[in-house]
Structure formats: C-alpha cells, structure tokens
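# What follows is a predicted structure for the sequence shown.
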Amino acid sequence: MRRRLGAFWRQTFSSLKVPNYRLYFTGQSISLAGTWMQMTAQSWLVLTLTHSSTDLGFTVALQTLPVLLFAPYGGVVADRVDKRRLMIVLQIAMGFQALALGLLTVLGAVRFWQVCALAVILGLNNAFENSARQAFVREMVGKDQLRNAITLNSVTVNAARAVGPAIGGVLIATAGIGICFLLNAASFAAVVTSLLIMDRSALRPSPPAGRASGQLREGLRYAARTPAIAIPLAMMSLVGLLAYEFQVTLPVLAEQTFRGGAEAYGFMTAAMGVGAVIGGLFTAARGRTGLRPMIIASAGFGAAILACALSPFLGLAYAALLFVGWASVSFIAIGNSTIQLSAEPSMRGRAIALWQVAFQGTTPIGGPAIGWIVAAAGPRTGLAVGGASCLVAALGGIALARRPRPSPTPQVTPHEHPPPAGPGTALPAEDPLC
C-alpha cells in the first residue's frame with residue numbers, strides 16, 4: 001500500500017521535478033489565490049452597488065468580452081514573441097488594475113461605471129496573457145510532462161478557488177471589500193518574481209512563427225480540420241456559454257435562495273474549489289486525454305450542477321458543489337491537454353487562444369443571458385440551464401465523434417507500421433471515442 005501511494009504521489013506531481021516549473025507553480029499559486037479573492041469581492045461589490053443580478057452578469061460580460069474579440073489575435077502574438085517577457089509585462093499591468101480598484105473602494109469613491117471600466121482593462125490583459133501563459137507551460141516542462149503540468153495548473157486554480165473566496169468572504173465581513181483588491185495587487189509580485197529569476201537556459205522555446213498575413217485565418221482553418229481540436233472546442237463553446245457562469249448564479253443563490261451573506265457565497269465557491277482540487281489530483285495521476293474522457297466529464301459536470309440546483313438546503317448545495325468542482329476541473333484539464341497535445345508547435349498558441357474564446361469568450365453572451373434568467377426565474381433555474389448545457393454538449397460530442405470523415409491517404413511504406421497511440425496522440429477517425 002505504501003508503495004502504491006508513493007507511486008501515485010510521484011505520478012501526480014511528476015512535473016514539479018522540473019525546477020523552473022516548480023518555481024513558476026509556487027508564484028502562480030500565490031497570485032491565483034489573490035485573483036479568486038478579487039473575483040469574489042468584485043461580484044459582491046457589484047451586488048452592493050446595484051442590487052441587480054443583471055448588472056452582475058453585465059460586469060462579467062465586460063470582463064470577458066475582450067477575450068472573445070482579441071484572444072485569437074493574442075494567440076497569434078503568443079506564437080510570435082517571447083512568452084516569458086510578454087507574461088511579465090501583462091502580470092504587472094494586472095497588478096496595477098487591482099491596485100486602482102482597491103484604492104477607489106477603500107477611499108469610498110468607487111462607482112459602478114468604474115468597476116466596469118476596470119473589468120474591461122483586466123479582460124484586455126487576459127486576452128493576451130492566457131494564450132502565452134498556457135503555451136509557456138510546454139516550454140518549461142516539455143511534451144512528456146505537459147499533460148501533468150496542465151492538470152496541476154487546473155488544480156492550482158481550483159485550490160486558489162477554495163482558499164481565495166473563503167478568505168475574501170471573511171475579509172469582506174471584517175475589513176471591507178477594498179482590502180481584497182489591494183491584497184490581490186500585492187500577490188502579482190510572486191508570479192512576476194518567479195518569471196524573472198527562473199533559469200532561461202533550461203527553457204525549450206517553440207520556434208517563433210514569424211510575421212505573415214493570414215495567420216489568424218490559418219489557425220482557424222487548422223482547428224476546423226483537426227477533429228481532436230474542433231470537437232473539444234465545440235463542446236467547450238456550449239458549456240462555457242451557459243454552465244461556467246457561477247459568478248452570476250452563486251452570489252444570488254447564496255443571498256436570495258439560502259438567505260446567506262458574503263460568507264455563504266465564499267464557502268460555496270470554496271466547496272467547489274475543494275472538489276476541484278481532489279478531482280484534479282486524480283486526473284493528474286490517471287493521465288487520460290481524448291474525447292471519451294471529456295464526454296464523461298461533461299456528463300458528470302451537468303449532473304452535479306443539476307444536483308446543486310435542486311438542493312433543498314445549503315448543506316446539500318455545498319456537497320453538490322464539491323462534485324461540480326471535481327467534474328469541472330476534469331473537463332477543463334482533459335480538453336486543454338487534448339488540444340495542446342494534438343496541435344502542431346507552430347499552431348499551439350492559436351489553438352489555445354480558440355480554447356480560451358470557447359471557455360471565457362462566450363461569457364459576454366452567456367453572462368447576461370444567465371443573469372436575465374436568474375432575474376426572471378431565480379438562481380435555481382439559471383444553474384439548471386447550465387447543467388442541461390453540459391449534458392447536451394456530451395451528446396453532441398458523441399454525435400460529432402461518430403460522424404464519418406474522409407480518411408487521408410496513409411503515407412506508410414509496405415514494411416512500416418504506424419506507431420501505437422499514446423495518451424496524447426490525436427484520436428483515429430475510425431474509432432473517435434477511444
């Protein structure tokens with residue numbers, strides 16, 4: 001048993017053996033805790049200023065609209081430039097955004113339009129930083145450890161989701177909303193420092209794509225003709241549109257349905273984060289990629305969200321959110337790994353950018369839509385719509401995977417056999433769900 005547990009532990013955290021990634025992982029963990037603290041505080045600030053779930057959805061939409069509009073170009077930029085330097089500049093800019101919001105709030109001068117304007121600025125940073133950050137992971141760890149590192153990144157995000165909102169809820173109730181923004185501004189120093197001091201000679205940068213016309217269209221065509229990229233993108237587009245709107249649904253569920261305050265909302269988000277950490281560790285250890293695991297995760301995600309929507313009391317909602325987090329991180333990690341391992345190195349930044357558009361760029365449409373549904377029919381209905389979208393995405397993934405596609409003429413010599421498929425190999429057309 002000890003040997004098995006030791007092997008599980010080593011396999012789960014195998015990418016941390018890379019010194020640069022271990023350094024980056026530490027800095028990112030600190031910064032992400034502050035980011036989730038800010039997200040919790042911003043949602044509560046908007047509700048405090050406007051008392052409107054529609055305005056909350058509008059703010060979330062403004063923060064993600066730049067991702068929809070500019071993330072594909074951000075992927076082109078990530079394929080062209082030094083990703084580490086780009087990340088340093090953008091992380092510093094995000095720190096100043098949090099500082100400005102914190103000072104306005106602490107001084108009592110904050111207005112709703114200011115929150116909206118700063119949300120747009122943060123979204124512009126995210127549109128360019130997301131692709132560079134995710135593509136940079138492979139430059140630190142290489143292909144062999146990429147899947148494990150991506151999953152550990154998701155675990156870090158969701159561990160921060162467990163810690164950040166819980167701390168944020170307590171700080172909102174004791175020290176005020178503004179302190180959450182100020183602490184987040186300080187947390188960016190950790191990730192910037194990790195990027196500055198890492199060993200650049202140990203990095204494995206991808207060859208720059210160079211400047212040419214039509215690179216964005218080239219990336220779109222490449223993704224459309226590659227099933228291992230196109231199908232996960234289609235599934236995430238639907239799930240990202242309607243299911244990942246927890247910033248809109250959970251605050252209203254805590255306040256109106258369960259008659260709680262900022263603490264209830266913080267612990268709801270924390271419960272989802274705890275479940276995501278547990279699920280992420282299992283996903284990191286098992287190392288599965290491909291359409292079948294993604295479809296299973298999508299179906300489980302939908303079932304867990306529906307269980308939360310139907311929970312009659314707060315304790316049961318907390319329990320359901322544990323499984324929501326588990327399935328959520330599995331769905332994201334499997335889809336992201338499948339796309340990165342299937343994409344050519346020169347196309348990786350653009351492929352990841354399209355994943356970000358499907359994940360976050362759909363929120364400008366889904367956020368207000370779910371906000372309107374919540375305002376008209378209640379937060380339970382808003383959650384249920386998201387859960388149903390996950391089930392539909394799972395069914396759609398099965399249908400798309402089984403759709404017949406023309407097979408390219410194999411380039412194999414008479415005595416040559418194709419290599420066996422590994423965990424990150426693109427899925428064969430004749431058996432797309434394997």
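Done, it's in.

# Could you list the buried residues of stretch 330-344?
330-343 (16 or more other Cβ atoms under 10 Å). Just so you know, the C-beta spots here come from the backbone N, C-alpha and C atoms, and that holds for glycine as well.

# and that stretch, average pLDDT?
Stretch 330-344 carries an average pLDDT of 82.

# same deal with stretch 257-277?
80.

# How far off centre is it?
Stretch 257-277 has its C-alpha centroid displaced from the chain centroid by 18 Å (Cα atoms, centre = their mean, to the nearest Å).

# do the same with stretch 223-239
On Cα atoms, centre = their mean, the centre of stretch 223-239 falls 16 Å from that of its chain.

# for stretch 87-103, same thing?
With Cα atoms, centre = their mean, you get 20 Å for stretch 87-103.

# just to revisit the earlier point, keep only those of the buried residues of stretch 330-344 that are in helices.
330-342 (DSSP state H).

# Reformat these as JSON lines; add distance to Leu23.
What follows is those, written out as JSON lines (distance: Cβ to Cβ, whole Å):
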{"residue": "Ser330", "distance to Leu23": "27"}
{"residue": "Phe331", "distance to Leu23": "28"}
{"residue": "Ile332", "distance to Leu23": "24"}
{"residue": "Ala333", "distance to Leu23": "22"}
{"residue": "Ile334", "distance to Leu23": "26"}
{"residue": "Gly335", "distance to Leu23": "27"}
{"residue": "Asn336", "distance to Leu23": "22"}
{"residue": "Ser337", "distance to Leu23": "22"}
{"residue": "Thr338", "distance to Leu23": "27"}
{"residue": "Ile339", "distance to Leu23": "26"}
{"residue": "Gln340", "distance to Leu23": "21"}
{"residue": "Leu341", "distance to Leu23": "24"}
{"residue": "Ser342", "distance to Leu23": "28"}
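
# Might you list the low-confidence residue ranges for the stretch 51-200 of the chain?
158-159, 161-162 (pLDDT under 70).

# need the longest helix for the chain.
Per DSSP H, the chain has its longest helix at helix 19-50.

# Tell me which residues touch the nearest residue to Ala224 once chain neighbours are set aside, please.
Nearest residue to Ala224 in three dimensions, chain neighbours excluded: Ala230, at 5.6 Å (Cβ to Cβ, 6 or more residues apart in numbering). Ala230 sits next to 223-224, 400 when contact means Cβ atoms under 8 Å, 6 or more residues apart in numbering.

# Can you give me the distance of the residue nearest to Gln145 when sequence neighbours are not counted to Pro205?
Nearest-residue entry for Gln145: Ser15, 4.1 Å, with adjacent residues in sequence omitted and distances by Cβ to Cβ, 6+ apart. Here Ser15 is placed at a distance of 18 Å from Pro205 (Cβ to Cβ, to the nearest Å).

# Neighbour count for those two, which is higher?
Ser15 (24 against 14; other Cβ atoms under 10 Å).

# What average pLDDT does the longest helix of the chain get?
Helix 19-50 comes out at a mean pLDDT of 87.

# about what we covered before: could you save the buried residues of stretch 330-344 as CSV and add columns showing distance to Arg259?
Shown next, in CSV, are these (distance: Cβ to Cβ, whole Å):
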residue, distance to Arg259
Ser330, 32
Phe331, 31
Ile332, 32
Ala333, 35
Ile334, 37
Gly335, 36
Asn336, 37
Ser337, 41
Thr338, 42
Ile339, 42
Gln340, 44
Leu341, 46
Ser342, 47
Ala343, 47
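
# what's the closest of those residues to Ala117?
Ile332 (29.0 Å; Cβ to Cβ).

# isn't the closest one right next to Asn153, touching?
No: assessed by Cβ atoms under 8 Å, Ile332 is found out of contact with Asn153, at 9.6 Å.

# show me what contacts the residue nearest to Gln145?
Contact analysis of Ser15 by Cβ under 8 Å, 6+ apart lists 21, 141, 145, 148-149, 152.

# rewinding a little: any idea of the pLDDT on the residue nearest to Ala224?
90.

# Quickly note the distance from it to Ala375.
35 Å.

# ok, now Ala319?
27 Å.

# now do Leu314
From Leu314 to Ala375 the distance is 22 Å (Cβ to Cβ).

# quick revisit: Arg200 versus the residue nearest to Gln145, what's the distance?
From Ser15 to Arg200 the distance is 19 Å (Cβ to Cβ).

# again with Val239
37 Å.

# Those two - which one has more neighbours?
Higher neighbour count among Val239 and Arg200: Val239, with 29 against 11, using other Cβ under 10 Å.

# Okay, and the nearest residue to Phe181 once chain neighbours are set aside sits in which element?
Once flanking residues are discounted, Phe181 sits nearest to Gly102: 3.2 Å by Cβ to Cβ, 6+ apart. Taking DSSP states H and E as the criterion, Gly102 maps to helix 83-106.

# For Glu218, the count of nearby residues, please.
With other Cβ under 10 Å as criterion, Glu218 counts 16.

# now do Ile398
Neighbour tally, Ile398, other Cβ under 10 Å: 18.
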